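> fold the following for me, if possible:
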Amino acid sequence: MEYNSTTTSRLNNLILNQVYEYGRQFVYFSEGIVIIIANILTLIVVIRTKKLRDVPANTFIMSLACADGMIGVLLPAIILTLLTYDQNIWIVSACIFRGPYYAMFSISLSTLLAIAIDRYVAVVHPLIYKMQMTVTIARFTCIGIWLLQLALWETLTCYYGLQISVQNDRPAAAHDIFPGISFFFLSQVEILLPVIGNLILYLAIYIKLRRRAAVSVSSTSNQNSSNANQPSAKTKSFTKMMALVLGYLLLAWLPYYIIIPLYKVNNPATPIWYVYMYDVVSIVLYSNSFVNPVIYSWQNRDFREAYAKILKVKTRVRSSADRTTNNRTIVVTSSNM
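Numbering: from 1, shown residues only. Sure thing, here's the model as predicted:
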């Protein structure tokens, strides 16, 4: 009986582990699909809507959507390569998939920092911003961010990834691939610095807007002369929207930044609670890539109308048009009577 109970217990644990593994893969794949759809929709919205396309700040939004969308594209490939012990497949994965995959996160954070700088100049120096900032400058800035981050992560991932034998090690996260000091340096420069930079810039923007609001309330005599150097309502709205994006970014990245360096994910000595915690933190982190379009549609009227137009949300328009047609018919009928 003791043998049978022990065997049954091991079998139950094996089944539970398999169910959990299939479940986590399903969640990751599903999240990847949602990320792709949400960010493709954002790109279509900006490209097809002229009043969004011609705004320099929305060029950064498109770059951010491209980076987040690519995370969704590359995520299934990363998961699939974790299921194999083939060294050749691992080498291909490290250079072709993992390098760009890690780069997309850095591109996303760097683009958010570029948006924060853009918002700071637009709020603090609106006249200079209107005269100097163009869509072309924004495009070249985004291209520079992409080239720099792709070159950095491709080089490092290929270099360190080729030194790993998947027969002896199962690298699941970035800190499983890069040596301790390298991962510490990358996490500080690529994650922490952009986040701190965003916080400082948005805090400065908030202080500036508060001061200007106080000045505008206290002095109304010079209203015409001060309005020329005041940020527009759209600038303030866009800044508020991006501040919310930053807020969710912090919620998504902070747990990951705290939890991830503690253990190696696929090490047999790793506590089981850490594996569960890693999955939860990773799911929250990936959600950051599809939450941004939700914030855009929630906070920005132009984006909200463009999303509705692209998604063919015309029920209200059609019903109002039908009501108008019916009213005209009734009027004509009554006049004939």
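
> now do the SS call for Gly163.
If you look again at residue 163, you'll see it is Gln, not Gly. coil (DSSP: H, G, I helix; E, B strand; the rest coil).

> contact partners for Ile128?
Applying C-beta atoms under 8 Å, 6 or more residues apart in numbering to Ile128 gives the contacts Val121. The way it works is simple: take the backbone N, C-alpha and C, and place the C-beta from them, glycine included.

> CA atoms of the strand or helix carrying it as CSV?
Following DSSP states H and E, one finds Ile128 within helix 126-132. What follows is helix 126-132, C-alpha atoms only, in CSV (Å, rounded to 0.1, in the frame of the first residue of the first chain):
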residue,chain,number,x,y,z
PRO,A,126,5.7,75.2,-26.7
LEU,A,127,6.8,77.8,-29.2
ILE,A,128,10.2,76.2,-29.8
TYR,A,129,8.5,72.8,-30.1
LYS,A,130,6.0,74.0,-32.8
MET,A,131,8.8,75.6,-34.8
GLN,A,132,11.4,72.9,-34.5
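
> report the rounded mean pLDDT for that helix.
For helix 126-132, mean pLDDT is 89.

> so for the residue most central in space within the chain, what's the nearest residue that isn't a sequence neighbour?
With distances taken as C-alpha atoms, centre = their mean, the residue of the chain nearest its centroid is Ser289 (3.2 Å). Closest residue to Ser289 apart from its sequence neighbours, by C-beta to C-beta, 6 or more residues apart in numbering: Asp68 at 3.8 Å.

> that neighbour contacts Ile35, doesn't it?
Yes - using C-beta atoms under 8 Å as the test, Asp68 is close enough to Ile35 to be in contact (6.3 Å).

> can you list residues touching both of the two?
Contacts common to Asp68 and Ile35, judged by C-beta under 8 Å, 6+ apart, are Ser289, Phe290.

> list the contacts for the residue nearest to the centre of the chain?
Ser289 makes contact with Ile35, Ala38, Asn39, Asp68, Gly69, Ile71, Gly72, Ser108 under the criterion C-beta under 8 Å, 6+ apart.

> and the helix holding Ile128, which residues are buried?
Burial within helix 126-132, assessed by neighbour count using 16 or more other C-beta atoms under 10 Å, is assigned to Pro126, Tyr129.

> run the chain-centre distance for that helix.
28 Å (C-alpha atoms, centre = their mean, to the nearest Å).

> do the same with stretch 248-262
Centre-to-centre, stretch 248-262 and its host chain are 14 Å apart (C-alpha atoms, centre = their mean).

> got it, and stretch 102-116?
When C-alpha coordinates are averaged (C-alpha atoms, centre = their mean), stretch 102-116 and its chain have centres 9 Å apart.
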